[in-house]
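Trainee: sequence below, structure please.
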Amino acid sequence: MDKKDFQHIHLIAVGGSIMHNMALALHDKGLKVTGSDDEIFEPAKSRLAAAGLLPEQEGWFPKKLDSKPDAVILGMHARPDNPELQRAQELNIPIYSFPEFIYEQSKDKQRIVIGGSHGKTTITSIILHVLQHLGRKFDYAVGAQLEGFDRMVMLTDDAPVIIIEGDEYLSDPIKRVPKFHLYHHHIGVISGINWDHINVFPDPKMYRDQFRLFAEMTPKAGTLIYDQDDEQVQLVSVPRNPADIAYIGYSVHEHSIKNGKTILHTKKDGDVEIQLFGEHNLRNISAAKEVCKKIGVKAHDFYEALRTFKGAAKRLEKLGENGNTSLFRDFAHAPSKVKATTEAVKKQFPQRQLVAVLELHTFSSLNKSFIPQYAGALDLADEPIVYFSPKTIEHKRMEMLTEEELKAAFKNPHLQVFTDSEALQQHLTSRSWQNSSLLLMSSGTYNNMNLEALKQAVL
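Mentor: Residues are numbered from 1 along each chain as shown. This next block holds a predicted model:
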């Protein structure tokens, strides 16, 4: 079936952050969109409702498939025994995972896929910001809400290129293949490799192999752009057939830091002051620049656009500042990212006390055998704090952690451990914030801690 023939699409698990954006993107294209989910939270709920796409009631209703939609898109959090999925299989309706459907919709476009354990969202969002600044036509799929974009997915018929954040996590509950293997990139990026998702990839080699396979999928006349300083990346992106494929390594962009501001040094454009900071972001900028160069963006235009780029939400996002205090939050949860983010804030404001608060929230980060990977990750913080919710551990049916185990794993005797978010908030609001930075790192919410009240107290 040609992609133009789709008229009605049904999404199973439509409430997911990327899935509800897919529903909105298809609705924007003029397709009939239906969907189901057993729970839908904000902001997905309001956004689906505004487009008239919110299911009448939560739950799974196999009867919805009896109208025989042209295709079903299966979200990752649906189970393999989902009743709607079983009905779709009985009716022989084509079933796609999210990445398979993105590929289906972009077969006639140049596909750029940004992979790596960290930096994906920032690299993708820099590229989108630059292309938008230049008024270029492009489609995209990205895993975070970006400033200046009201959707996380855009699919049109006329854009010549699509920029995709290529997650290495599994595509769907049936095929269980990494998402970024299913986009079939022309230009691929590997930003760095650090073992993660241990519930799916139980050892580091198995995890690294997913990136090796991605690198090997680069087609003839394709391009692989990679972090040339990352030892794990070097193991998977060694040029196999350099005559057929362009291999482009990148490093940290030349720069200096003056009064808490990062200045890029460029050959032709002189010094360019930017709003991002941290070594990992200076690598992300280099990666984005190489991608933009491949699709015809001049260096001058790239830097001009970069001046106004504020960063992706929850990626070293500045929640507020005054003369001597800054408050940042970051999505960091993997050990390498926690270390890089902590280091970035300390180097940017070396004269300030750094309070770094990490929430252990993911399956990997709460796993006793994985936690030693965090050794030294918070060493540059003057006050290192780890928070976790015992309820999360119970919910994930994992073994409870103790303060002693965490101090030993982080190799940090100064580590403070909190298991009650109200006690943590009280601790943070009661200290003096004169000449200090606060960095909050989590893929969770600190058990719904009131960030607005914390911000008022700190600033």
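Trainee: name the element A356 belongs to?
Mentor: Using DSSP states H and E, A356 maps to strand 353-359.
Trainee: tell me what the helix or strand that that strand is followed by is packed against?
Mentor: Sequence-wise, the next helix or strand downstream of strand 353-359 (DSSP H and E) is strand 383-387. In terms of contacts (3 or more Cβ pairs under 8 Å, 6 or more residues apart in numbering; DSSP states H and E), strand 383-387 is packed against strand 353-359, helix 403-410, strand 416-418, helix 421-430. C-beta here means a position set from N, CA and C on the backbone, and glycine is covered the same way.
Trainee: export the strand holding A356 to PDB, keeping only CA atoms.
Mentor: Provided in PDB are the C-alpha atoms of strand 353-359 (Å, rounded to 0.1, in the frame of the first residue of the first chain):
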ATOM      1  CA  GLN A 353      28.700  26.200  45.300                       C
ATOM      2  CA  LEU A 354      27.000  23.400  43.200                       C
ATOM      3  CA  VAL A 355      24.100  21.500  44.700                       C
ATOM      4  CA  ALA A 356      23.400  18.500  42.400                       C
ATOM      5  CA  VAL A 357      20.200  16.500  43.000                       C
ATOM      6  CA  LEU A 358      19.800  13.200  41.100                       C
ATOM      7  CA  GLU A 359      16.600  11.200  41.100                       C
END
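Trainee: circling back: among the helices and strands packed on strand 383-387, which is the most enclosed?
Mentor: strand 353-359 (a mean of 24; mean count of other Cβ atoms under 10 Å).
Trainee: quickly find the element holding the closest residue to A221 other than its chain neighbours.
Mentor: In space, and not counting its chain neighbours, A221 is closest to D244: 6.8 Å by Cβ to Cβ, 6 or more residues apart in numbering. Per DSSP H and E, D244 falls between elements, in no helix or strand.
Trainee: surely D244 touches T223?
Mentor: No: using Cβ atoms under 8 Å, D244 makes no contact with T223, being 10.9 Å away.
Trainee: which one's more surrounded, these two?
Mentor: Ranked by neighbour count (other Cβ atoms under 10 Å), D244 and T223 place T223 first, with 19 against 12.
Trainee: for L440, grab phi and psi.
Mentor: phi -110, psi 120 (degrees, to the nearest 10).
Trainee: so what pairs up with it in the strands?
Mentor: R329, V357 (DSSP bridges).
Trainee: and if you look at G188?
Mentor: V113, L224.
Trainee: need the helices for the stretch 101-250 of the chain, in chain order.
Mentor: 120-133, 204-216, 231-236 (DSSP state H, counting those that start in this stretch).
Trainee: a markdown table please, covering the helices and strands packed on strand 383-387 and showing distance to W60 and mean pLDDT.
Mentor: Below are those laid out as a markdown table (distance: least, Cβ to Cβ, whole Å; pLDDT from 0 to 100):
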| stretch | distance to W60 | mean pLDDT |
| --- | --- | --- |
| strand 353-359 | 31 | 97 |
| helix 403-410 | 39 | 96 |
| strand 416-418 | 38 | 97 |
| helix 421-430 | 33 | 95 |
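Trainee: would you turn those into a markdown table with distance to R151?
Mentor: Formatted as a markdown table, the helices and strands packed on strand 383-387 follow (distance: least, Cβ to Cβ, whole Å):
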| stretch | distance to R151 |
| --- | --- |
| strand 353-359 | 28 |
| helix 403-410 | 39 |
| strand 416-418 | 36 |
| helix 421-430 | 32 |
